[in-house]
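Visitor: One predicted model, sequence on top.
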Amino acid sequence: MPAPQSPAPHDPAGRPAARAGSGPGAPSRDRYDAVIVGGGHNGLVAAAYLARAGRSVLVLERLGVIGGAAVSTRPFAGVDARLSRYSYLVSLLPGTIVRDLGLDFAVRKRTVSSYTPAVRDGRPTGLLVAGEGTRESFAALTGSGREYAAWQRFYAMTGRVAARVFPTLTEPLPTRSALRERIGDADAWRMLFEEPLGVAVEETFTDDLVRGVVLTDALIGTFADAHDTSLLQNRCFLYHVIGGGTGDWDVPVGGMGALTDALAAAARAAGAEIRVHHEATRIETDGTAAEVTVRTSDAEHTVAASRVLVNASPQALAALLGEAPPPAAEGAQLKVNMLLTRLPRLRDRAVDPRRAFAGTFHISEGYGQLADAYRQAAAGRLPAAPPSEIYCHSLTDPSILGPDLAARGYQTLTLFGLHTPARLFASDNDAARSALLTATLAELDAHLEEPITDCLALDERGEPCIEAKTPLDLERDLRLPGGHIFHRDLAFPYVQEGAGRWGVETAQRTVLLCGAGAVRGGGVSGVPGHNAAMAVLEG
């Protein structure tokens, strides 16, 4: 859905205006067609579309860097490894956005979908989902071909749903009935949209490990049981299997910061101004125009705008407008970044570690284990066997490592833990983080021939290259409410009460929500930014 083009931005009166830069000393106006609050990837998408359509655009970013959670950093002192610190894989970014904006950005396919270690009859084994050989791996694990056949049928169904639903994400919101008709599969609609996902998982699969692998996509950043009647797990699952119309999760070449860099370059090239260390503190609107109060290190001023697009959480939006906040959000994940001198050896000698870690490496994610972890966390305790999953970015894209590290065989590991709601860290974040990290690594070590800590690289101070982030750390660092990576619970991608035509509208005509908290938000997708820009361009 390309945005219309014009040769130069204009002011509200329609007069041509000079393209403004984005450096500290660049000229700035005091009125814009659009002011975007927050320089995360969705805000940059909106800025690029609107500037390419000839609108004058100002992006305000509180921090000293843009990108929000879609950034790459060197977290380990003196070590030339640029990691995707928060978000790390790409699935929901539509190719139309990349093409429309002419982004210098690419992704690579992973050669392996997943590996899940297990112990059967006292011996180490596992399930490897990696194209050829997957059938044999299922048979070796389960003793028959039934589970593989069920797997094929189930994911053929989600593939058909993905092909029909994904294109709608950059269109006006369909009604529930229209989306159901578009999917055209009553059984798929029932399994994914009407009854708890646990019903379909238990009806379709019999093996506990296979059931767990399927369910994990319903629990990423989402604290829910397989049979939660709210269907929160279904919503999470849906967004994890529809990406690109295939459900593939791809590796961003150069790390997630490469996407941010490409978006910022596109926005600036089109004439948008991007200003860091500029924090929006208030939005006032009379329904026809808006005014944004901006705080810098030494001053406060106001900027007028025809439209304000807020690339922040619904809670932040309410605070800016001086309104009552929506219900509190709560994140539920542990994010761990590691740099290794080598990949660890596995107890399952049949699988090369380079294959096991190339996809998603599931740890303690059997169906029963996931249920136990949920019950323990819901009762206020850290899970005794924390479920998590790992992948190795550098196996697919070694460009994130300096040449010397790559030549020496260093590798990165990204771990994402499940069922760790923010409430578990409220009394003592540091102590809970340490205890959870220790327990999580112990679960990984149970499947390794050597402790993962023996493989950790050291930084210039001699400290192990490992960092962990709890929901409260994300709330502090990125202002994610409750550390919720989606800003709030995900919604099904159809018309929601009060969401408007594009899923980005608010009660204030001049103010739009273009962050992950919009309908069809969540994940690194650019969809809310695209849709907010389309809403503006429609008038």
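Guide: Great, that's in hand.

Visitor: Which parts of the stretch 201-350 of the chain are strands?
Guide: Counting by DSSP state E, counting those that start in this stretch, the segments of the stretch 201-350 of the chain that form strands are 251-252, 273-275, 279-285, 290-295, 300-310, 332-340.

Visitor: right, and these - which one's nearest residue 432?
Guide: Put simply, out of the strands of the stretch 201-350 of the chain the one that sits nearest residue 432 is strand 332-340, at 9.8 Å, with distance taken as CB to CB. Using the backbone N, CA and C atoms, a C-beta is placed for each residue, glycine as well.

Visitor: mean confidence for the closest one?
Guide: Per-region confidence: strand 332-340 scores 98 on mean pLDDT.

Visitor: do stretch 322-329 as well
Guide: Averaging pLDDT residue by residue across stretch 322-329 gives 93.

Visitor: So which bits of that stretch are buried?
Guide: Taking 16 or more other CB atoms under 10 Å as the basis for neighbour counts, the residues of stretch 322-329 that come out buried are residue 329.

Visitor: Over to it now: how far is its first residue from its last?
Guide: With CA to CA, to the nearest Å as the measure, the ends of stretch 322-329 fall 19 Å from one another.

Visitor: Show me where the chain dips below the pLDDT cut-off.
Guide: In the prediction, the chain carries residues with pLDDT under 70 at positions 1-29.

Visitor: do that again at 90, thanks
Guide: 1-30, 131-132, 328, 497-499, 539 (pLDDT under 90).

Visitor: pull the longest helix from it.
Guide: The single longest helix within the chain, with elements called by DSSP state H, is helix 146-165.

Visitor: At which residues are the helices of the stretch 201-350 of the chain located?
Guide: Per DSSP state H, counting those that start in this stretch, the stretch 201-350 of the chain carries helices over the ranges 208-216, 232-241, 256-269, 314-321.

Visitor: mind putting those in JSON lines, mean neighbour count and distance to residue 129 included?
Guide: Conversion of the helices of the stretch 201-350 of the chain to JSON lines gives the following (neighbours: other CB atoms under 10 Å; distance: least, CB to CB, whole Å):
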{"stretch": "helix 208-216", "mean neighbour count": "23", "distance to residue 129": "8"}
{"stretch": "helix 232-241", "mean neighbour count": "24", "distance to residue 129": "14"}
{"stretch": "helix 256-269", "mean neighbour count": "23", "distance to residue 129": "24"}
{"stretch": "helix 314-321", "mean neighbour count": "20", "distance to residue 129": "36"}
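
Visitor: Residue 169 is nearest to which of those helices?
Guide: With distances scored as CB to CB, the stretch of these nearest to residue 169 is helix 232-241 (9.4 Å).

Visitor: for the closest residue to residue 107 other than its chain neighbours, what are its contacts?
Guide: When the adjacent residues along the chain are set aside, residue 107 lies closest to residue 250, with 3.7 Å between them (CB to CB, 6 or more residues apart in numbering). Applying CB atoms under 8 Å, 6 or more residues apart in numbering to residue 250 gives the contacts 89, 90, 91, 107, 108, 109, 110, 244.

Visitor: ditto for residue 124
Guide: Shown here is residue 124, whose contacts under the criterion CB under 8 Å, 6+ apart are 117, 118, 346, 347, 348, 349, 447.

Visitor: and the residue nearest to residue 107, bridged to which residues?
Guide: Listed by DSSP bridges, the beta-bridge partners for residue 250 are residue 90.

Visitor: Same question for residue 37.
Guide: On the basis of DSSP bridges, residue 37 is bridged to residue 60, residue 310.
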